[in-house]
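S.K.: Everything below, folded, please.
(2 chains)
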Number of protein chains: 2
Amino acid sequence: MQDKLNELKRHLSEAYDLWNIGALLNWDQSTFMPKNGAAARGRQLGLMGKITHEKRTDPKIGRLLDELSSYEKSLPADSFDASLIRVARRQYEKDLRVPASFMAKMMSHFTDTYHAWVEARPANDFSKVQNHLEKTLDFSRQYAEFFPHDHIADPLIDESDEGMTVATVRPLFADLRNQLVPLVKKVAEQGAIDDSCVMKHFPEKDQWEFGLQVIKQMGYDFDRGRLDKTHHPFMTKFSLGDVRITTRVKENNLTEALFSTIHETGHALYEQGISMDFEGTPLAEGASSGVHESQSRLWENLVGRSYGFWEHYYPKLQATFKEQLGNVPLDSFYRAINKVEPSLIRTDADELTYNLHVMIRFDLELDLLEGKLAVKDLPEAWRARYKSDLGVFDPRDENGVLQDVHWYAGYIGGAFQGYTLGNILSAQFYDAALRANPSIPNQIRNGEFGSLHGWLKENLYQYGSQYSPSDLIQKASGSPLTVKPYIAYLQEKFGNLYRV
Amino acid sequence: MQDKLNELKRHLSEAYDLWNIGALLNWDQSTFMPKNGAAARGRQLGLMGKITHEKRTDPKIGRLLDELSSYEKSLPADSFDASLIRVARRQYEKDLRVPASFMAKMMSHFTDTYHAWVEARPANDFSKVQNHLEKTLDFSRQYAEFFPHDHIADPLIDESDEGMTVATVRPLFADLRNQLVPLVKKVAEQGAIDDSCVMKHFPEKDQWEFGLQVIKQMGYDFDRGRLDKTHHPFMTKFSLGDVRITTRVKENNLTEALFSTIHETGHALYEQGISMDFEGTPLAEGASSGVHESQSRLWENLVGRSYGFWEHYYPKLQATFKEQLGNVPLDSFYRAINKVEPSLIRTDADELTYNLHVMIRFDLELDLLEGKLAVKDLPEAWRARYKSDLGVFDPRDENGVLQDVHWYAGYIGGAFQGYTLGNILSAQFYDAALRANPSIPNQIRNGEFGSLHGWLKENLYQYGSQYSPSDLIQKASGSPLTVKPYIAYLQEKFGNLYRV
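M.R.: Just a heads-up that it's a prediction; the model follows:
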């Protein structure tokens, strides 16, 4: 049996390495590749995608999984071997449902759509992508049809947030929205915070150095990663020993690089914290989109935008930017980095209104998939929802339906719910960590993150995708997914900030 | 027939892309990879090597080549299709001779040997690699035995310098040595040149900027490449649209970065100059080691170390390093960068004595392969040759047999002759370019490289590996490989410099 298990591991390890080689091709494309490398890079990525899919659906893996099935049953479910076999089987069966030829056609369509979007967005011209998007909607439905489901969006949601469905996400989001909207309204009535202190000129080099110092102290391991510049910040992994992050710097906005860097560091701490025993196996990744995003948001918002964090770091930041911040009190700075303002662009949104953006996309995705909304009517539907939910309006599609890459580089469906699940979970996990270590806020006030990081590693990170998201949430936080800690956190933080 | 040809091209293009993906893994390993990424990177490189070899030896390629054989014969030999089929067949038949299992075992041995060398060199301890090297010698012989040959080293030489054999290289090198040794001796009698002016402190940033400016003017296309830092400078290619170079900077030695950068640029100009029609085919690479090295040496030495070149650039260099070079006359600088001094380390050697280093290794390789020399006696044989050929002696193996990576990362045999063939060819090609465009030296004096670069593109670069090295040399220079222009060049240059 050990022989078969080792043979399975060999296959899985090759699939893992192939996937990660593709990730390196992507990372290089976004960081260092010269302009004219693009054509060949497209070919190389397509080829690696094909080879990776072939390896992951190799019938030998299926045979080995069958042969190991009774061995698996003889083991405790949370043993390494049983988890490995279970997770590998889930992935194999999922990959096998979708014919390779369909995947290739769809991926090639996604690439075309992405290139069309790259032109359509600056041209503010939705008509350049409308046909593409109609085809994407078809592909998304066809893809979902390969899987059993209650709602057509369920397989797409399950793709990144295993176990979640329209039936579970809808009421959860409704609950959140019902509590968020009055809070946003009250806050908006208080008038805008002055954030001009973070909108001065901040030289790139100093911003870069400051960011490095912060994420080193948070526990990001530079022996197992590095930070580079890209247009869109991201985290990527080539092995558990090589987890890289990227960021972008705006010299006229201090918050851009700082919080992007901390956000991606949150993702990276998760991956760097996975048990090294999982290297080379499908267990060596985060449990779901939502759980992953909970870590980027926890470090970015619950830690990085907290008052205590800046009690420690603000004097250092002032020393770095003496001229710009020397006369700005901590309170003003803290208010500036937590300014709430309903706006058009999701990625620029504040902590409070961000979820309203996500929920608009989630609802529109369902409307499209259910056939209630036609692609041609999408720009108007988008504007109507922004008007009603956020009270903002812009006739330009570049600030509307063209703003996010997601639908232009992948499915319609399942692309967004993870962001808000992540926000909800960030508070739920932080709450649990604080119950276990009530001194964490005090430590953060002293620039110490060891206890928090340690708790997260022990209760979340090390497990990779050994447990299903719901089991992991229960195990780590002591309860199923709940919106309560997140609402309580927002009410307390923004209640104090805006005195509402 | 067109269908079959297209199918062949599809296969070859995948093999090409797979190879280049491996090159990206290597490039990243040498430039940006964090320390702890090494273990997985080793696995990834091994896996890509295996997949690339499988693709290159895919029996479908063999069948297609057979089916295309009569079509090939119906075409002019130098047509694109005929060249493609011919070169693809050569590669396929060569790859097929060596069993995959043997390749895998040998590659894994090379990796082990490399790691042993990485420890042995700083420890100055040959005993740490002696066993490895004995096995490498066995592997090299076994590898060669898969091919028909007169001399056991012939297949290894042919590997990088197609068509060359012990029988052709030996007399060529003997001829060169006979003419070089008296020149070196006469030069040495003149006493050492003072090169202290290039051994001052030169800040890295300024060196970097200056190097960029030079190679841009030489014609290196940054839309299709980039320059990064590594421990050992190299050129690598991921497609004809992405040809990258690396260099290293020493702040106490101005010549290190400057000439390494120009050297690698020479390699890159060659690759960037290959006809874009060849992209994705086995024609899209240099013709041989020797021809490739001729371009790095041509740009580094015949251009970059020439008096005319510095008539243009020296005032700019002085402006960059006012304090260090402001009072140093051009003549002194020119003499400093052309100082001849017999020394222990090949990569630090001057233009004149460099070939003596290469020929020592070539002869020792043959002695080892012929069984005349045992690996255990290699360090002493090395020292004896350095004493007799260069008049230098050092008991430390780190400055002797442990100095070069080649035997510790690949075959013994065929690893070195390309360097000296490149030197010989650099003058032969430059000579031909000057016959066609006598104004080239004047243009270089004005910082213009267009005519030289244009001639090289038209007569050499564009052809990639369409022609065999000997055909290409004949076609481009009007004669077979000859040592005469090189000897004439050295005698004139160093005769003037040292007044001998």
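
S.K.: buried set for the helix or strand of chain A with the lowest mean pLDDT?
M.R.: Ranking every helix and strand in chain A by mean pLDDT, DSSP states H and E puts helix A:100-123 at the bottom, with a mean of 92. Neighbour-count burial for helix A:100-123 flags A:103, A:106, A:107, A:110, A:113, A:116, A:117, A:120, A:121 (criterion: 16 or more other C-beta atoms under 10 Å in any protein chain shown). No exception for glycine: its C-beta is placed from N, CA and C like everyone else's.

S.K.: Let me know the distance separating the residue nearest to residue A:231 when sequence neighbours are not counted from residue B:146.
M.R.: Spatial nearest neighbour of residue A:231, excluding adjacent residues (C-beta to C-beta, 6 or more residues apart in numbering or on different chains): residue A:248 at 6.5 Å. Residue A:248 sits 52 Å away from residue B:146, going by C-beta to C-beta, to the nearest Å.

S.K.: got it, and residue A:193?
M.R.: Going from residue A:193 to residue B:146 by C-beta to C-beta gives 75 Å.

S.K.: With neighbour numbers in mind, choose between these two.
M.R.: Legend: neighbour count by other C-beta atoms under 10 Å in any protein chain shown for residue A:193 and residue B:146, higher for residue A:193 (19 against 14).

S.K.: measure that one to residue A:317 for me?
M.R.: According to C-beta to C-beta, residue A:193 stands 18 Å off from residue A:317.

S.K.: do residue A:119 as well
M.R.: 39 Å.

S.K.: ok, and the closest non-adjacent residue to the most centrally placed residue in chain A?
M.R.: Central residue check for chain A by C-alpha atoms, centre = their mean: the C-alpha nearest the mean position is that of residue A:293, 4.2 Å away. Spatially, and ignoring its direct neighbours in sequence, residue A:293 is nearest to residue A:422 (2.4 Å; C-beta to C-beta, 6+ apart).

S.K.: count of residues packed around that neighbour?
M.R.: Using other C-beta under 10 Å, residue A:422 has 23 neighbouring residues.

S.K.: Let me see the mean pLDDT of stretch A:316-332.
M.R.: Mean pLDDT, computed over stretch A:316-332, is 98.

S.K.: Show the backbone phi and psi for residue A:243.
M.R.: Main-chain torsions, residue A:243, degrees, to the nearest 10: phi -120, psi 100.

S.K.: For the residue in the stretch 51-200 of chain A positioned nearest to chain B, which residues are in contact?
M.R.: Relative to chain B, the nearest point of the stretch 51-200 of chain A is residue A:51 (6.8 Å; C-beta to the nearest C-beta). Each residue near residue A:51 by C-beta atoms under 8 Å, 6 or more residues apart in numbering or on different chains is listed here: A:18, B:51.

S.K.: Name the residues that touch stretch A:28-48?
M.R.: Here stretch A:28-48 makes contact (C-beta under 8 Å, 6+ apart) with A:18, A:21-22, A:25-26, A:104, A:107-108, A:111, A:228-232, A:234, A:246, B:13-14, B:17-18, B:20-21, B:24, B:28, B:32, B:221-226, B:228, B:238-242, B:244, B:279-280.

S.K.: Hmm, residue A:497 is touching residue A:335, no?
M.R.: Yes - Residue A:497 is within contact range of residue A:335, at 6.4 Å (criterion: C-beta atoms under 8 Å).

S.K.: what touches both of those two?
M.R.: Counting by C-beta under 8 Å, 6+ apart, nothing touches both residue A:497 and residue A:335.

S.K.: Between the two ends of stretch A:293-309, how far is it?
M.R.: End-to-end distance for stretch A:293-309, by C-alpha to C-alpha, to the nearest Å: 20 Å.

S.K.: And the contacts of that stretch?
M.R.: Residues from elsewhere that reach stretch A:293-309 (C-beta under 8 Å, 6+ apart): A:218, A:235, A:258-259, A:262-267, A:269-270, A:286, A:334, A:337-338, A:351, A:418-419, A:421-430, A:441-442, A:444-445, A:449, A:452, A:456, A:460-461, A:489.

S.K.: same thing but 7 Å
M.R.: A:218, A:259, A:262-267, A:269-270, A:334, A:337-338, A:351, A:418-419, A:421-423, A:425-427, A:429-430, A:441, A:444-445 (C-beta atoms under 7 Å, 6 or more residues apart in numbering or on different chains).

S.K.: Can you flag the buried ones in the residues you listed?
M.R.: Neighbour-count burial (16+ other C-beta under 10 Å) applied to these gives A:218, A:259, A:262-267, A:269-270, A:334, A:337-338, A:351, A:418-419, A:421-423, A:425-427, A:429-430, A:441, A:444.

S.K.: In contact with the residue lying closest to residue A:122 once chain neighbours are set aside, which residues?
M.R.: Nearest residue to residue A:122, sequence neighbours excluded (C-beta to C-beta, 6+ apart): residue A:398, at 7.0 Å. For residue A:398, the contact set (C-beta under 7 Å, 6+ apart) comprises A:121, A:122, A:124.

S.K.: Equivalent analysis for residue A:340, please.
M.R.: Taking C-beta under 7 Å, 6+ apart, we find residue A:340 in contact with A:187, A:350, A:352, A:353, A:494.

S.K.: Next: residue A:480.
M.R.: Contact partners of residue A:480, counting by C-beta under 7 Å, 6+ apart, are A:470, A:473, A:474.

S.K.: Residue A:497 now?
M.R.: By C-beta under 7 Å, 6+ apart, the contact set of residue A:497 is A:335, A:338.

S.K.: how about 6 Å then?
M.R.: Listed by C-beta atoms under 6 Å, 6 or more residues apart in numbering or on different chains, the contact partners of residue A:497 are residue A:338.

S.K.: what about it, distance to chain B?
M.R.: Using C-beta to the nearest C-beta, to the nearest Å, one gets 39 Å for the distance from residue A:497 to chain B.

S.K.: same deal with residue A:211?
M.R.: In terms of C-beta to the nearest C-beta, residue A:211 sits 17 Å off from chain B.

S.K.: what helix or strand does that residue sit in?
M.R.: Here residue A:211, judged by DSSP states H and E, is contained in helix A:204-218.

S.K.: The contacts of residue A:480, buried ones only, as a ChimeraX selection?
M.R.: This is the ChimeraX syntax for the buried subset of these, where burial follows 16+ other C-beta under 10 Å:
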select /A:470,473
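
S.K.: Within range of chain B, give me the residues from chain A.
M.R.: A:14, A:17, A:21, A:34-37, A:40, A:43-44, A:47, A:223-226, A:239, A:241-242 (C-beta under 6 Å from any C-beta of the partner chain).

S.K.: Among these, name the buried ones.
M.R.: Burial by neighbour count, 16+ other C-beta under 10 Å: within these this picks out A:14, A:17, A:21, A:34, A:36-37, A:40, A:43-44, A:47, A:224-226, A:239, A:241-242.

S.K.: Mind checking which of these are in strands?
M.R.: Using DSSP state E, the subset of these located in strands is A:239, A:242.

S.K.: who's in contact with the residue in the stretch 351-500 of chain A that chain B sits nearest to?
M.R.: Shortest the stretch 351-500 of chain A-to-chain B distance, computed as C-beta to the nearest C-beta: residue-wise this is residue A:464, at 15.5 Å. Contact partners of residue A:464, counting by C-beta under 6 Å, 6+ apart, are A:274, A:278, A:283, A:284, A:285.
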